[in-house]
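Peer 1: Predicted model and sequence below, questions to follow.
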Amino acid sequence: SGLRVLPPHNPVVHLGRMKVGSNMAVARALVPFFEEAAVTVRNLAGDVLAEISPVPACISEFKREIAAHTGIPGVAQILTSEDSVLELSSMEMLLEGSHEILLLVDEDAPLLELRWILDMQCTDLEETLRIIKSSTFLQVLKGSYAGAVDMAEALPLLPQLRQLRLCGNGIGDRGATAVGTALSTNTNLKELDLSCNQIEVVGAKALGRALSANCTLEQLELTGNDLWDNGVKGLLAALTKDSGMTCLNLASNKVSDEGAKAAAAALSAGSSLRILSLERNKLGAEGAASLAAALAATSLMELRLGLNFIGDEGAAAFAEALVTNSSLTELRLERNAIGDEGAQAVARALALNSTLSSLHISNHTILNAGRAALESMQKERQPSLKLKL
C-alpha cells in the first residue's frame, strides 16, 4: 500500500488523542472544504496513496471509499480535527478548514505496552477491541452508561489489560453495576478509575459485591461521585484481609463520620489497604477518632484527610495513634480547622514516632505556639520528616 512502517527504535508515536505502538502503519487524508470535489490521501512521508472524487455524502461511505483505495479497514479509521475526535454523521457537517483523518493498519503487528485512548462515540468497539487486544492501558472518552456496558462486556476480550480509565463518562449506577459484574470474574485488571461518574449508593454497593469476589484489583479511584455514607458502607464491606485492594480514593463523595467509621471498620478487619483517601469530604472529630483508633490494627501507609473538619479533637486522636503506630509514612490533615492545641499534640507524638516521614498539616488556624512546636520537632527529625505547614 506504500504506507510507512514506524521503526522499532521509535516505539511510541503520538497521533492526536492516541498513542500507537511500533510497527503500526499510518496514513493521513486531508479533507478540505465540503465543496471541494476530491480528497487526497497521503501517508506520513507525504506520498499520495489515493485521490477520492467525488466526496461521499456520509462518513461511513467515505470510510469505505478510503478502505477500497488504500486497503485500510474502516474500523481502524479515526477522524480528528485539532486533536479532537469529530462527531460527524454527514460530510455536510464539515466546517470550513482542513481536517485530518488518521488511519491505522497492520492489525497483526506486535503491540508493545500499547496505551490507547478510545472514543466510544466514534469507534466500532468490538472491532477496535479485537485490534487492541494486547493493550495494557485503555482510557474511554465521551462514554455513557451504554458505553460502560459495552466496555464491561469486552473485558474478557482484553486479557492483557491492567489499567482501565472510565473517569468523567457519567456512567451512573447502571454503568457501575455493569462494571462490577465484569469485575467479579476478572482476574487481570489491576487499576480502575471511575472518578466523576455520578455513581451513587446503588452503584457503590454493586462494586462492593464485585470486590468480595475479586482478589486481583489493586487500585480503585472513585473521586467526585455521590457515594455518601451508605455507599461507602456498601463498598467497604467487601474489603477484608482476602482483598487485593491496596489503594482506594474516596475523595469528594459527601462522606461524613458514619462513612469514616465504615472505613475504620474495614481497616480494623485486616484490610489490605495501604493508601486511603477521604479528602474533601465532611468528616468531623468522631470520624477522625475512629480512623485513628483503627491504625493500631492496620498496615496503612498513607492516609489523606485534607479539607475536612476534624479540628483539635481529631488531631489529638491521631496524635495518640502516632505514638504507637509503626506503619504510617504519610498523613495529610491540611485545612481541617486544627488549631494550636491539636498541632502541639501532634508535635509531642512525633517525638515518639520514627516512621512518619511526611506530614501535611497546613491550617490557617494554627498560630505561633502550634507552628513553633511543629517546626521544633521537624528540626529534631530532619531529614526524616517532611513537614508542610
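Peer 2: Done, it's in.
Peer 1: where along the stretch 151-300 of the chain do the helices fall?
Peer 2: Here the stretch 151-300 of the chain has its helices, by DSSP state H, counting those that start in this stretch, at 172-183, 201-213, 228-236, 257-268, 285-294.
Peer 1: Just want the angle from the longest one to helix 228-236.
Peer 2: The one in question is helix 201-213. 20 degrees (axes from the mean of the first three to the mean of the last three C-alpha atoms, to 10 degrees).
Peer 1: Compute the inter-axis angle for helix 201-213 and helix 172-183.
Peer 2: Interaxial angle, helix 201-213 versus helix 172-183 (the same axes, to 10 degrees): 10 degrees.
Peer 1: so what's the closest residue to residue 386 other than its chain neighbours up against?
Peer 2: Closest residue to residue 386 apart from its sequence neighbours, by C-beta to C-beta, 6 or more residues apart in numbering: residue 358 at 4.6 Å. Placement of C-beta: from N, CA and C, glycine included. Residues counted as contacts of residue 358 (C-beta atoms under 8 Å, 6 or more residues apart in numbering) are 329, 330, 331, 385, 386, 388.
Peer 1: any chance of the helices of the stretch 151-300 of the chain in CSV, with mean neighbour count and distance to residue 345 too?
Peer 2: Shown next, in CSV, are the helices of the stretch 151-300 of the chain (neighbours: other C-beta atoms under 10 Å; distance: least, C-beta to C-beta, whole Å):
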stretch, mean neighbour count, distance to residue 345
helix 172-183, 23, 40
helix 201-213, 21, 34
helix 228-236, 24, 27
helix 257-268, 22, 19
helix 285-294, 23, 11
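Peer 1: Out of the ones you listed, the one nearest residue 50 is which?
Peer 2: For residue 50, the closest of those is helix 172-183, at 39.9 Å, according to C-beta to C-beta.
Peer 1: average pLDDT for stretch 224-241?
Peer 2: Computed over stretch 224-241, the mean pLDDT rounds to 89.
Peer 1: Between the two ends of stretch 347-362, how far is it?
Peer 2: Taking C-alpha to C-alpha, to the nearest Å, stretch 347-362 runs 13 Å from one end to the other.
Peer 1: With stretch 247-259 instead?
Peer 2: The straight-line separation of the ends of stretch 247-259 (C-alpha to C-alpha) is 17 Å.
Peer 1: cool, and stretch 261-281?
Peer 2: 14 Å.
Peer 1: what's the answer for stretch 184-204, then?
Peer 2: One end of stretch 184-204 to the other measures 14 Å (C-alpha to C-alpha).
Peer 1: Could I get the average pLDDT for that stretch?
Peer 2: On average, stretch 184-204 scores 94.
Peer 1: quick revisit: dump the helices of the stretch 151-300 of the chain into CSV; add distance to residue 315 as well.
Peer 2: Conversion of the helices of the stretch 151-300 of the chain to CSV gives the following (distance: least, C-beta to C-beta, whole Å):
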stretch, distance to residue 315
helix 172-183, 35
helix 201-213, 29
helix 228-236, 22
helix 257-268, 15
helix 285-294, 8
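Peer 1: Sketch out the low-pLDDT regions of the chain for me.
Peer 2: 1-48, 54-63, 71-147, 240-242 (pLDDT under 70).
Peer 1: run the last query once more with 90
Peer 2: 1-170, 211-215, 237-244, 269-272, 297-298, 364, 378-384 (pLDDT under 90).
Peer 1: Assess the claim that residue 225 and residue 201 are in contact.
Peer 2: No. Counting by C-beta atoms under 8 Å, residue 225 does not reach residue 201; the two are 10.1 Å apart.
Peer 1: tally of neighbours for residue 216?
Peer 2: Using other C-beta atoms under 10 Å, the number of residues around residue 216 comes to 13.
Peer 1: which one of the helices of the stretch 151-300 of the chain lies closest to residue 245?
Peer 2: Across these, closest to residue 245 is helix 201-213 (C-beta to C-beta), at 6.7 Å.
Peer 1: helices and strands around that closest one, which ones?
Peer 2: If you count contacts as 3 or more C-beta pairs under 8 Å, 6 or more residues apart in numbering; DSSP states H and E, helix 201-213 packs onto helix 172-183, helix 228-236.
Peer 1: for the ones you listed, which one sits closest to residue 148?
Peer 2: Minimum separation from residue 148 across the helices and strands packed on helix 201-213 (C-beta to C-beta) falls at helix 172-183, 3.2 Å.
Peer 1: hmm, who's touching that closest one?
Peer 2: Contacts of helix 172-183 (C-beta under 8 Å, 6+ apart): 144-145, 147-149, 151-153, 155-156, 166, 169, 171, 189, 192, 194, 197-204, 206-207, 209-211, 213-214, 217.
Peer 1: go with 6 Å
Peer 2: Here helix 172-183 makes contact (C-beta atoms under 6 Å, 6 or more residues apart in numbering) with 145, 148-149, 152, 155, 198-200, 202-203, 206-207, 210, 214.
Peer 1: try stretch 205-223
Peer 2: For stretch 205-223, the surrounding residues in contact (C-beta under 6 Å, 6+ apart) are 176-177, 180, 183-184, 187, 189-195, 234-235, 237-238, 244, 246-252.
Peer 1: Quick check: ChimeraX command selecting the buried ones in those residues.
Peer 2: Filtering the contacts of stretch 205-223 down to the buried ones (16 or more other C-beta atoms under 10 Å) takes a single ChimeraX command:
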select :176,177,180,183,189,191,192,193,194,195,234,235,237,238,246,247,248,249,250,251,252
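Peer 1: who's in contact with the residue lying closest to residue 362 once chain neighbours are set aside?
Peer 2: Excluding the flanking residues, the one nearest residue 362 by C-beta to C-beta, 6+ apart is residue 334, at 4.5 Å. Residues in contact with residue 334 (C-beta under 6 Å, 6+ apart) are 306, 360, 362.
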